[in-house]
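Undergrad: below are the sequence and a predicted model; questions follow.
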Amino acid sequence: MGCAHRKVSWSEEIYKILGLDPGTFDPDIEKINAMTIEEDRWVHAINARGDAAPASYSIYYRIRRPDGRLRTVRETGGAAPGWSRERCGSSAR
């Protein structure tokens, strides 16, 4: 198993909540950060450092949809099977 960094996968429902078209929007960490309200971007910095992995996590932050509407979203996640800090590395080092 390879170590995929910055990979994001969304369900159809997430695209709908965020007001995005899955056919034209390819999610990645930078795009999610750009949609996030500036005061809440710290949550993505924590994830990028690996503080939330490998344990599961649940965080809330606000995003601005393309139509200008503000949404509070809850993100849950964790490390993929086979992930380890030693094997895949971390930007925290």
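TA: The structure has been received and is ready for your questions.

Undergrad: confidence-wise, which helix or strand of this protein is lowest on average?
TA: Counting by mean pLDDT, DSSP states H and E, the chain has its least confident helix or strand at helix 85-88, which shows a mean of 56.

Undergrad: so what's Ile59 scoring on pLDDT?
TA: On the pLDDT scale, Ile59 is placed at 85.

Undergrad: what do you get for the one 5 residues further on?
TA: If you check Arg64, the pLDDT there is 96.

Undergrad: with Ala45 instead?
TA: The model reports Ala45 with a pLDDT of 72.

Undergrad: all strands of this structure, in order?
TA: With DSSP state E as the criterion, the chain has strands at 57-64, 70-77.

Undergrad: most tightly packed of the ones you listed?
TA: Most buried of the strands of the chain by mean neighbour count (mean count of other C-beta atoms under 10 Å) is strand 57-64; its value is a mean of 15. No exception for glycine: its C-beta is placed from N, CA and C like everyone else's.

Undergrad: contacts for that one?
TA: Contacts with strand 57-64, where a contact means C-beta atoms under 8 Å, 6 or more residues apart in numbering, come from 18, 32, 35-37, 39-41, 43-44, 46-47, 52, 70-78.
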